[in-house]
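Novice: Fold the following.
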Amino acid sequence: MRDNKHLYQWTAIDECTRMRFVYGFEEHTPENSVRFLRMLIKKFPFKIQTIQTDNGTEFTYKFISDDKMSPMDEYLKKEQIEHVLIPPRTPWHNGKVERSHRNDQKYFYDWEKFGSVDELNEKLAKHLIWSNQKPMRTLGGKTPLELLAEKLEESTVPASSQG
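Specialist: Below is the predicted model:
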């Protein structure tokens, strides 16, 4: 919270490489979810096939309307991206995001000060570079960016030369 205003962080983590993208907003809205997705699609260097979220109304209207789609669901449908919802009241299904939020708290929010959402996003961008270059035990000591580079290289090698 800054100047009596809440700031909200959206987080995306690639399941394979653990590469992250984060961005802060002043409002917790479905429209900001779509804005975040547009930024995410531009930032990630591969086609996103599936998005997993909790059941908040910033992501879906599944539990509040039988006939109206949320802005995010409409956008995902247009982009041909599957939307997987975790079961209600099961935050452990979003464990990677929850863990990354704890790390953001420990390594970023406990140390950084910012006076606006713009300043937050400037500092978050630097933190994101650091976190995507941090070796991870779950990746065999590689960084998310190193693993991403390997996967992208593998995807450009012709199938006949892969053995």
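
Novice: mind listing the helices for this structure?
Specialist: With DSSP state H as the criterion, the chain has helices at 30-43, 71-79, 95-104, 117-132, 144-156.

Novice: Nearest to residue 49 among those helices would be which one?
Specialist: helix 71-79 (10.3 Å; C-beta to C-beta). From N, CA and C alone the C-beta is placed, and that goes for glycine too.

Novice: Name the surrounding residues that touch that closest one.
Specialist: 30-31, 33-34, 37-38, 41, 48, 51, 53, 58-61, 69, 82-83 (C-beta atoms under 8 Å, 6 or more residues apart in numbering).

Novice: same thing with stretch 33-41?
Specialist: 10, 12, 21, 23, 25, 48, 51, 58-59, 70-72, 75-76, 79.

Novice: That one: which residues count as buried?
Specialist: 33, 34, 35, 36, 37, 40 (16 or more other C-beta atoms under 10 Å).

Novice: For residue 20, list the residues it contacts.
Specialist: Contacts of residue 20 (C-beta under 8 Å, 6+ apart): 11, 12, 13, 14, 100, 128, 131, 132, 144.

Novice: check contacts around the second one.
Specialist: Meaning residue 12. Taking C-beta under 8 Å, 6+ apart, one finds 20, 21, 22, 36, 40, 44, 51 in contact with residue 12.

Novice: which pair in those residues spans the largest distance?
Specialist: Once C-beta to C-beta is applied, the contacts of residue 12 give 22 and 51 as the farthest pair, at 15.0 Å.

Novice: ok so, going back, could you find the lowest-pLDDT member of the contacts of residue 20?
Specialist: When those are compared on pLDDT, residue 100 comes out lowest, with 92.

Novice: how many neighbours does it have?
Specialist: By the criterion of other C-beta atoms under 10 Å, residue 100 has 19 neighbours.

Novice: list the contacts for it?
Specialist: Here residue 100 is in contact with 11, 13, 20, 131 (C-beta under 8 Å, 6+ apart).

Novice: PyMOL command to pick out the buried ones of those residues?
Specialist: Burial among those is assessed by 16+ other C-beta under 10 Å; the matching PyMOL selection reads:
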select buried, resi 11+13+20+131
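
Novice: Tabulate the contacts of residue 100 (CSV), appending distance to residue 124.
Specialist: Shown next, in CSV, are those (distance: C-beta to C-beta, whole Å):
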residue, distance to residue 124
11, 10
13, 15
20, 10
131, 10
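
Novice: nearest to residue 112, of the contacts of residue 100?
Specialist: Closest to residue 112, out of all of those and judged by C-beta to C-beta, is residue 131, at 13.2 Å.
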